[in-house]
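K.L.:
let me see the structure of the following:
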Amino acid sequence: MALTQRLEFRQSQSLVMTPQLMQAIKLLQLSNLDLSAFVEEELERNPLLERASDGPEPPVAGEAAIERPDYGDVDGSGSDGDDGSDPADMAVGSTGAFEPGQEEWLNRDLGTRAEIEQTLDTGLDNVFSEEPAEAAARAAQDAPPSVYTEWGGGASSDDEYNLEAFVAAEVTLADHLAEQLAVAFAAPAQRMIGQYLIDLVDEAGYLPADLGQAAERLGTSQAAVDEIVATLQTFDPPGVCARNLSECLAIQLRELNRYDPAMQALVEHLDLLAKRDIAALRKLCGVDDEDITDMIAEIRRLDPKPGLKFGTSRAQTMVPDVYVRPGPDGGWHVELNSDTLPRVLVNQTYYAELSKTIRKDGDKSYFSDCLQNATWLVRALDQRARTILKVATEIVRQQDGFFTYGVAHLRPLNLKAVADAIQMHESTVSRVTANKYMATNRGSFELKYFFTASIASADGGEAHSAEAVRHHIKQLIDGEAPSAILSDDTIVERLRASGIDIARRTVAKYREAMRIPSSVQRRRDKQSMLGNALSAPVSSDRSRDTTAAV
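P.N.:
Residues are numbered from 1 along each chain as shown. Sure, this is the predicted structure:
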């Protein structure tokens, strides 16, 4: 067998993950906030990228340019006679400019004081009184600045007015307690112990349950630490610096002058309240049903986490990526939210100018790469927007019953059904639906909300979505009477009568996911006189639930 050398051409297909392709895939799954941050980084890194709003805006066609008069330098800092004229030879006219025709009046010699008084036939004091002028000068000097530029001491345009310059910094819980500490204690040692304890307070306003190590580290007695803790617990907000929930509620009740023996017994047995063992609580407190109801309602009005009022992180507002509106033909109109789409352009003019002046090969290669990356980023952003719109449109088409009639008509849907309809891969649809939101006539939902599991129909008909089944279960439980509480088995029977084939364990799983108690607990709550008190909404002035308190 002889060995020979020869040239062959072979054609094959392969998928190569280039950096640009990896970047395009990454852009698909970014939220609008992460995308804005990514584009900001690219704008700083790439000199050929610029925002679409950068640069001077061209004048609107058919609109005449506004001519602004040049008033020169009012403070006299400008040039005197750059145009060949002397400012002293010009007078102020009605248009705000100096008119040479009034030069004779300005240069006229009025004579001495006696001649002027003889001409006016009165004294100058009667004509030009100095006292009103001095009073006006003093009033003008004492008057507060009328414009923002006078406060800053420099010239500034209205565009530079920043309202945030007048906004006070957010006060944290530690800062709020430190301000009260400086007033409560005068001794440096007590202030040091108090500041150490304030540093131990968590964001909810609680101290650690065990402060034995604090006394050892500070080199003081436990009694001294307890004395400082007792003073810190009198600080604002009420309930701060408590070591457990019972102590926090007790501090607030003392502040309201409501910490009587019956309330003390209730606060010391919060575990029974969490179990809703009202009979045992009523016996421990020594009160009747009406009093225990009022006491529980009063406990619910307290704040179990007083520290969250200070220095909490602000919740980021959800900005929808897609809007869905009813169309005039009875369908649905899907459009992208233009505010979430970064507007970037490639500065081809700048690159053309640089190409004429660059001589080094390294610089040419750098700017060529910048041009290629900028062009690819613009295309990737455009492709991302088109893909989101295509996926959202298909979701609306598949779930038209939900937009028309509500969650009960939500259909089972998976990624493969959408991917096959728009001829894309499932992984692409999964990336597109991640961290994206849709604003509809029924609220704002994440795109993944519309993908639900399928539950078979009892009569062999069309399958039901898991979200619609959960909604049906909640409706059944909300409509049950106190004398006829529905068990999980009864719910299964009613669902099967409605054409939904579901197991009992699935009903229990959905019920627990919706935080609905069992039938035994619901019967105890609804049949008791405390049903209304325990199910009453929490006061609107608190942003955290009080499940720990009850």
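
K.L.:
low-scoring pLDDT stretches of the protein, where are they?
P.N.:
1, 15-17, 53-111, 113, 117, 119-169, 311-316, 527-550 (pLDDT under 70).

K.L.:
all strands for this protein, in order.
P.N.:
49-51, 91-92, 98-99, 322-326, 332-336, 344-346, 437-440, 443-446, 454-455, 464-465 (DSSP state E).

K.L.:
distance to R258 added to those strands, as a markdown table?
P.N.:
In short, each C-beta sits where N, CA and C put it, glycine included. Conversion of the strands of the chain to a markdown table gives the following (distance: least, CB to CB, whole Å):
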| stretch | distance to R258 |
| --- | --- |
| strand 49-51 | 59 |
| strand 91-92 | 75 |
| strand 98-99 | 79 |
| strand 322-326 | 50 |
| strand 332-336 | 55 |
| strand 344-346 | 61 |
| strand 437-440 | 45 |
| strand 443-446 | 40 |
| strand 454-455 | 50 |
| strand 464-465 | 49 |
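
K.L.:
looking at those, which is closest to V492?
P.N.:
Closest approach to V492 among those (CB to CB): strand 454-455, 12.1 Å.

K.L.:
and that closest one, what does it pack onto?
P.N.:
strand 464-465, helix 466-478 (3 or more CB pairs under 8 Å, 6 or more residues apart in numbering; DSSP states H and E).

K.L.:
outside of the longest one itself, list whatever touches it.
P.N.:
So the one you mean is helix 466-478. Under the contact criterion CB atoms under 8 Å, 6 or more residues apart in numbering, helix 466-478 has outside partners 407-410, 412, 449, 452-455, 486, 491, 494-495, 498, 500, 502, 507, 510-511, 513-514, 516, 522.

K.L.:
same check on the first one?
P.N.:
Contacts with strand 464-465, where a contact means CB under 8 Å, 6+ apart, come from 410-413, 452-457, 499-500.

K.L.:
of the residues you listed - the most surrounded one?
P.N.:
L410 (23 neighbours; other CB atoms under 10 Å).

K.L.:
so where's the longest helix in this protein?
P.N.:
Counting residues, the longest helix found in the chain (DSSP state H) is helix 361-398.

K.L.:
how about that one: buried residues?
P.N.:
367, 370-371, 373-374, 376-378, 380-381, 384-385, 387-396, 398 (16 or more other CB atoms under 10 Å).

K.L.:
now, among the contacts of strand 464-465, which is nearest to L354?
P.N.:
L413 (50.8 Å).

K.L.:
how close does the closest one sit to G194?
P.N.:
Going from L413 to G194 by CB to CB, to the nearest Å gives 59 Å.

K.L.:
now R254
P.N.:
20 Å.

K.L.:
what's the answer for K275, then?
P.N.:
As judged by CB to CB, K275 and G194 stand 38 Å apart.

K.L.:
who's more crowded, these two?
P.N.:
G194 (24 against 13).

K.L.:
residues touching the more buried one, list them.
P.N.:
When contacts are counted by CB under 8 Å, 6+ apart, G194 is found next to 181, 184-185, 228, 231-232.

K.L.:
out of the residues you listed, which sit inside helices?
P.N.:
Short answer: those in helices (DSSP H) are 181, 184, 228, 231-232.

K.L.:
switch these over to CSV; also include neighbour count and distance to E41.
P.N.:
Formatted as CSV, the ones in helices among the contacts of G194 follow (neighbours: other CB atoms under 10 Å; distance: CB to CB, whole Å):
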residue, neighbour count, distance to E41
L181, 21, 43
A184, 16, 48
I228, 27, 48
T231, 17, 50
L232, 22, 45
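
K.L.:
hang on, the earlier thing: quick one, which of the strands of the chain gets closest to A421.
P.N.:
Nearest of the strands of the chain to A421, taken as CB to CB: strand 332-336 at 14.3 Å.

K.L.:
name every strand pairing with that closest one and say which way it goes.
P.N.:
Here strand 332-336 is paired, per DSSP bridges, with strand 322-326 (antiparallel).

K.L.:
list the buried ones in the strand it pairs with?
P.N.:
Buried residues in strand 322-326 (16+ other CB under 10 Å): 322-324.

K.L.:
want to throw those residues into a markdown table with distance to T340?
P.N.:
Converted to a markdown table, the buried residues of strand 322-326 look like this (distance: CB to CB, whole Å):
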| residue | distance to T340 |
| --- | --- |
| V322 | 9 |
| Y323 | 11 |
| V324 | 15 |
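
K.L.:
can you report how many residues neighbour the residue nearest to D339 when sequence neighbours are not counted?
P.N.:
Take D339 and drop its neighbours on the chain: the residue closest to it by CB to CB, 6 or more residues apart in numbering is V319, 7.0 Å away. Counted with other CB under 10 Å, the neighbours of V319 add up to 14.

K.L.:
now do the contacts for V319.
P.N.:
Applying CB under 8 Å, 6+ apart to V319 gives the contacts 32-33, 337, 339-340, 437.

K.L.:
one more pass at 7 Å, please.
P.N.:
32, 337, 340 (CB atoms under 7 Å, 6 or more residues apart in numbering).

K.L.:
any chance of CSV for the residues you listed, columns neighbour count?
P.N.:
Below are those laid out as CSV (neighbours: other CB atoms under 10 Å):
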residue, neighbour count
N32, 19
N337, 16
T340, 19
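
K.L.:
in helices only, show me those.
P.N.:
Judged by DSSP H, the contacts of V319 include N32 as members of helices.
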